[in-house]
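Peer 1: Requesting a structural model of the entry that follows:
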Amino acid sequence: MIDITDKNAFITGSSRGIGQQIAIGLANLGCNIIIHGRTQQGCNKTQSLLSKFSINTYCVYGELSNENDVKHLIKQIENLNIKIDILYNNAGIMTPYKTDYLQHSGEDWMLSMKVNVFSVYSLCSAFIPLMLENKFGRIINVISGIKHEPELAPYGASKWALIKLTDDFAVKLKDTNVRINTLDPGWLRTDLGGEYADHPVEAVLPGALAPALIENNGPNGESFLAINK
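Peer 2: Okay, here's the model as predicted:
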């Protein structure tokens with residue numbers, strides 16, 4: 001397990017839920033945190049929770065479904081003038097459950113892909129070159145163990161696309177100190193997971209920290225479980 005004291009972690013969707021828990025967990029290990037929310041005000045709760053740690057915190061904002069917002073988000077991070085050591089692509093969206101599984105709209109499909117795949121690709125494209133230059137990087141893409149749920153087809157398919165994207169990137173990063181892996185957080189009681197999920201959101205720790213703490217020659221293109229099934 002590496003020491004991440006004074007490293008900088010950018011966690012999408014860290015204004016609440018799983019991302020907020022990951023921010024707390026990394027901050028507890030001395031990692032500086034870049035909080036992301038849809039709006040600037042959305043960062044306030046997480047910033048308050050992190051105030052007890054002796055770290056630097058920053059806030060960036062933007063809708064991941066909007067290409068211009070994603071570009072602006074990247075620019076905000078660049079303007080911080082700090083290197084990104086850990087990119088935690090946590091944010092995700094689940095479009096409505098459709099009992100008639102053959103009636104998902106084109107809008108549902110496109111929104112799922114924009115947030116769950118396209119934005120991840122854009123953020124990886126922005127920060128992988130800098131990680132390679134700095135000879136260090138950890139990228140974690142949050143996936144889902146969902147299966148046999150065509151009622152949620154756009155969500156499920158977008159998460160499988162993210163697995164494929166991660167696998168392909170891992171090949172290119174094989175002989176570097178940049179590691180890219182996925183995390184299945186499990187079924188947690190969040191806004192996305194719902195009130196009947198198996199576990200409270202806090203159960204994502206400490207498992208969700210593992211892929212951020214691997215050695216330079218550690219797993220690459222593999223999937224981690226936050227909660228052992």
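Peer 1: what about the nearest residue to Asp191 once chain neighbours are set aside, distance to Glu107?
Peer 2: Leaving aside its chain neighbours, Asp191 sits nearest to Gly17 (6.2 Å; criterion: CB to CB, 6 or more residues apart in numbering). No exception for glycine: its C-beta is placed from N, CA and C like everyone else's. In this structure, Gly17 and Glu107 are 24 Å apart, going by CB to CB, to the nearest Å.
Peer 1: So for those two, which sits in the more crowded spot?
Peer 2: Gly17 (21 against 10; other CB atoms under 10 Å).
Peer 1: part of a strand, is Gly13?
Peer 2: No: per DSSP: H, G, I helix; E, B strand; the rest coil, Gly13 lies outside any strand segment and is coil.
Peer 1: Contact partners for the residue lying closest to it once chain neighbours are set aside?
Peer 2: Spatial nearest neighbour of Gly13, excluding adjacent residues (CB to CB, 6+ apart): Ala91 at 3.0 Å. Going by CB atoms under 8 Å, 6 or more residues apart in numbering, Ala91 touches 12-13, 19, 36, 64, 115, 119.
Peer 1: got it, and Met113?
Peer 2: 154, 158, 161.
Peer 1: mind checking pLDDT for it?
Peer 2: At Met113, the predicted lDDT confidence score is 98.
Peer 1: re the thing from before, quick check: of the contacts of Met113, which lies closest to Leu73?
Peer 2: Ser158 (19.2 Å; CB to CB).
Peer 1: That closest one touches Asn116, doesn't it?
Peer 2: Yes: with contact defined as CB atoms under 8 Å, Ser158 counts as touching Asn116 (3.8 Å).
Peer 1: between these two, which one's more packed in?
Peer 2: When neighbours are counted by other CB under 10 Å, Asn116 comes out ahead of the other of Ser158 and Asn116, with 28 against 25.
Peer 1: Roughly how far does that one sit from Leu87?
Peer 2: Asn116 is 15 Å from Leu87, by CB to CB.
Peer 1: What of Pro150?
Peer 2: 31 Å.
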